[in-house]
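Trainee: From the sequence below, what's the structure:
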Amino acid sequence: MRPIALRLKPGQDLRSEIETLVRNENIQAGCLISAVGSLNEATLRLADGKSVKTFKGPIEIVSATGTVSPDGCHIHLSVADSEGKVTGGHLQKGCPINTTAELVVLAFDEIHFSREFDPDTGYEELKIS
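Mentor: Numbers count the residues shown, from 1 in each chain. Coordinates of the predicted model:
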């Protein structure tokens, strides 16, 4: 296992930068174990699996967790607005950093994650090898 830490700067897109980190660090299987910072807005796919909504900021990243691999990242993000109202969903592109975002990813060198269509769910689901 190897920990990888990264600080994102204003204007960078949270999801795009996580995907870039996975490519640049050749992460075949990993997990996002910590994310804190702020966003100008957050674009999330909601629990119905279809609706995508953009929440205007500035907003704080309350938590984020998920699996990462070259085949795809499955990350859930919770954010809080200026009144402390928290919402969350599946991280999409369209989440520009406001002031900063500090990320910690743990890479697993012994296993490989990929995505495979699961007819029971209708989604590309995690396959571990």
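Trainee: Which parts of this protein are helices?
Mentor: In the chain, the helices defined using DSSP state H lie at 14-24.
Trainee: would you list every one of the strands in it?
Mentor: 2-8, 30-45, 52-68, 74-80, 86-91, 97-107, 113-118, 123-128 (DSSP state E).
Trainee: Nearest to residue 20, out of the ones you listed?
Mentor: In terms of CB to CB, the element of the strands of the chain nearest to residue 20 is strand 2-8, at 9.5 Å. Every residue, glycine included, has its C-beta placed from N, CA and C.
Trainee: Show me what counts as buried in that closest one.
Mentor: Buried residues in strand 2-8, counted by 16 or more other CB atoms under 10 Å: 6, 8.
Trainee: Let's have the strands of the chain in CSV, adding mean pLDDT.
Mentor: What follows is the strands of the chain, written out as CSV (pLDDT from 0 to 100):
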stretch, mean pLDDT
strand 2-8, 97
strand 30-45, 97
strand 52-68, 96
strand 74-80, 97
strand 86-91, 97
strand 97-107, 98
strand 113-118, 96
strand 123-128, 94
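Trainee: Quick check: nearest residue in space to the residue sitting nearest the centre point of the chain, chain neighbours excluded?
Mentor: Closest to where the C-alpha atoms of the chain average out (CA atoms, centre = their mean) is residue 75, at 3.8 Å. Among residues not flanking residue 75 along the chain, residue 66 sits closest, at 3.3 Å (CB to CB, 6 or more residues apart in numbering).
Trainee: related to what we said a few turns ago, hang on, the residue nearest to the centre of the chain packs against residue 91?
Mentor: Yes. The pair residue 75 / residue 91 is scored as a contact, 4.2 Å apart, by CB atoms under 8 Å.
Trainee: List just the one of the strands of the chain that sits closest to residue 17.
Mentor: strand 2-8 (5.4 Å).
Trainee: wait, residue 99 sits on residue 38?
Mentor: Yes. The criterion here is CB under 8 Å, and residue 99 meets it with residue 38 at 5.0 Å.
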